[in-house]
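K.L.:
no letters, just coordinates:
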Ligand code: FES
Ligand SMILES: [Fe+2]
């Protein structure tokens, strides 16, 4: 079940010519910046993703443009540009680019029109959906269909999007979302406080797992015995490459989509989409901060002070010593694992079956990409992302959990 160092590299590294990075650039839409962080004619967003640097801006008419950060003239940063009159103007010599990625003015060049057409530029596709600006960095002919996950078509008051930059490799983030038994320990104090059916994870701290393979990854049920001939079932979905569709605590509560997107090999942006398919979302632990680029909070310290862990609150009964937020507890675990931890040193148990499976799906896909330079499932249009359902509930021990998703 443990994996080799070579496979660990294949699963984690994205910079330069790493096959995973190339595959993600060519075959997947990337969540780039929360829509609310990008104002028309406002400050451009400096985007680092998959080890490369870009600039994202919203023009006067609301269109989104994505360009290489370095100006094609003499490589100054376009993140310093003036965003005005439907374009981004480099402040070094005034070259101006529109949202489609065309150079429309080069005022220090003679015969501007002809000159503008002669400049070589990379162009990228962007789309603004579900409160997120997404970008596709591929330069090939086949553009992957957009992953219309269950939140992407909801009105703005039914969802919130927030992100945080975490100083570790992306896979540590994805794996935690498929790690069901950590709820019973790391998050036990938060779950105790929130109450509701999710408290059942504190009754049975193990989980039996059953899996259904899916064209997008897999769906699985974590089944806990809670007494009186009943089980508590949580059905969650792993969606290639970094999406986890996580069940609400009960059928009427908001659901969550987590994404852990590589900034580079040793940093990722953690995304939290909290959404309510039934009506307005209201105030939640994810929507309560206006700082959508830095919420939930990182642990308040570094390795020298145990990442700011608070032993006083632990003495008073808090389990983890990170009372700031449920996600702060997760971030502390990722950071304590190291920037890219070596999975060949792990000793797993049966509680880790979903993590093992997610690695297997990813490895198969990257290997297939290495051989064929294609990821068929990402482009053939057969995946119906909108119909992916994650749900939890209490069932009698004899009942089939699949009845909950039909
Ligand atoms: S470096 Fe951008 S216009 Fe000269
Ligand atoms: Fe967690």
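P.N.:
Ah, there it is. Every value quoted in this text rests on a predicted model; they were computed, and no experiment measured them. Ligands and ions are numbered 1, 2, ... in the order given.
K.L.:
kindly report the residues of the stretch 51-200 of the chain close to ligand 1.
P.N.:
Residues of the stretch 51-200 of the chain lying near ligand 1 by C-beta under 6 Å from any ligand atom: 71, 73, 74, 76, 90, 92, 93, 95. Quick note: C-beta positions are derived from backbone N, CA and C, even for glycine.
K.L.:
past the longest helix along the chain, which element shows up next along the chain?
P.N.:
As assigned by DSSP state H, the longest helix anywhere in the chain is helix 353-372. Where DSSP states H and E defines the elements, the next helix or strand beyond helix 353-372 is helix 376-379.
K.L.:
roughly how far apart are the spatially most central residue of the chain and residue 281?
P.N.:
In the chain, the residue lying closest to the centroid (C-alpha atoms, centre = their mean) is residue 259, at 1.7 Å. Taking C-beta to C-beta, to the nearest Å as the measure, residue 259 and residue 281 are separated by 18 Å.
K.L.:
hmm, back to that, ok now the longest helix of the chain, how far from the chain's centre?
P.N.:
Put simply, helix 353-372 sits 18 Å off its chain's centre (C-alpha atoms, centre = their mean, to the nearest Å).
K.L.:
touching that helix from outside, list them.
P.N.:
Outside helix 353-372, the residues within contact range by C-beta atoms under 8 Å, 6 or more residues apart in numbering are 1, 3, 7, 10-11, 19-20, 22-23, 27, 174-175, 178-180, 209, 211, 217-218, 220, 222, 236, 238, 240-241, 343, 348, 374-377.
K.L.:
quick one: buried residues of that helix?
P.N.:
By neighbour count with 16 or more other C-beta atoms under 10 Å, helix 353-372 contains the buried residues 353, 354, 355, 357, 358, 359, 361, 362, 365, 366, 369.
K.L.:
which residues in the stretch 51-200 of the chain form strands?
P.N.:
For the stretch 51-200 of the chain, applying DSSP state E, counting those that start in this stretch gives strands covering 52-58, 64-68, 82-83, 88-89, 96-97, 103-105, 125-129, 132-136, 159-166.
K.L.:
just the pLDDT at residue 1, thanks.
P.N.:
Looking at residue 1, its pLDDT reads 64.
K.L.:
hmm, back to that, looks to me like the residue nearest to the centre of the chain is in a strand.
P.N.:
Yes. Counting by DSSP: H, G, I helix; E, B strand; the rest coil, residue 259 is found in a strand.
K.L.:
neighbours of the residue lying closest to it once chain neighbours are set aside, how many?
P.N.:
Of all residues not flanking residue 259 in the chain, residue 271 sits nearest, at 4.0 Å (C-beta to C-beta, 6 or more residues apart in numbering). Residues near residue 271, counting by other C-beta atoms under 10 Å, number 20.
K.L.:
picking that back up, could the strands of the stretch 51-200 of the chain go into JSON lines alongside mean neighbour count and mean pLDDT?
P.N.:
Output for the strands of the stretch 51-200 of the chain, formatted as JSON lines (neighbours: other C-beta atoms under 10 Å; pLDDT from 0 to 100):
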{"stretch": "strand 52-58", "mean neighbour count": "22", "mean pLDDT": "98"}
{"stretch": "strand 64-68", "mean neighbour count": "23", "mean pLDDT": "98"}
{"stretch": "strand 82-83", "mean neighbour count": "18", "mean pLDDT": "98"}
{"stretch": "strand 88-89", "mean neighbour count": "23", "mean pLDDT": "98"}
{"stretch": "strand 96-97", "mean neighbour count": "23", "mean pLDDT": "98"}
{"stretch": "strand 103-105", "mean neighbour count": "19", "mean pLDDT": "98"}
{"stretch": "strand 125-129", "mean neighbour count": "17", "mean pLDDT": "97"}
{"stretch": "strand 132-136", "mean neighbour count": "22", "mean pLDDT": "98"}
{"stretch": "strand 159-166", "mean neighbour count": "22", "mean pLDDT": "97"}
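K.L.:
dump those into JSON lines; add distance to residue 186 as well.
P.N.:
Output for the strands of the stretch 51-200 of the chain, formatted as JSON lines (distance: least, C-beta to C-beta, whole Å):
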{"stretch": "strand 52-58", "distance to residue 186": "33"}
{"stretch": "strand 64-68", "distance to residue 186": "36"}
{"stretch": "strand 82-83", "distance to residue 186": "42"}
{"stretch": "strand 88-89", "distance to residue 186": "43"}
{"stretch": "strand 96-97", "distance to residue 186": "46"}
{"stretch": "strand 103-105", "distance to residue 186": "50"}
{"stretch": "strand 125-129", "distance to residue 186": "32"}
{"stretch": "strand 132-136", "distance to residue 186": "27"}
{"stretch": "strand 159-166", "distance to residue 186": "16"}
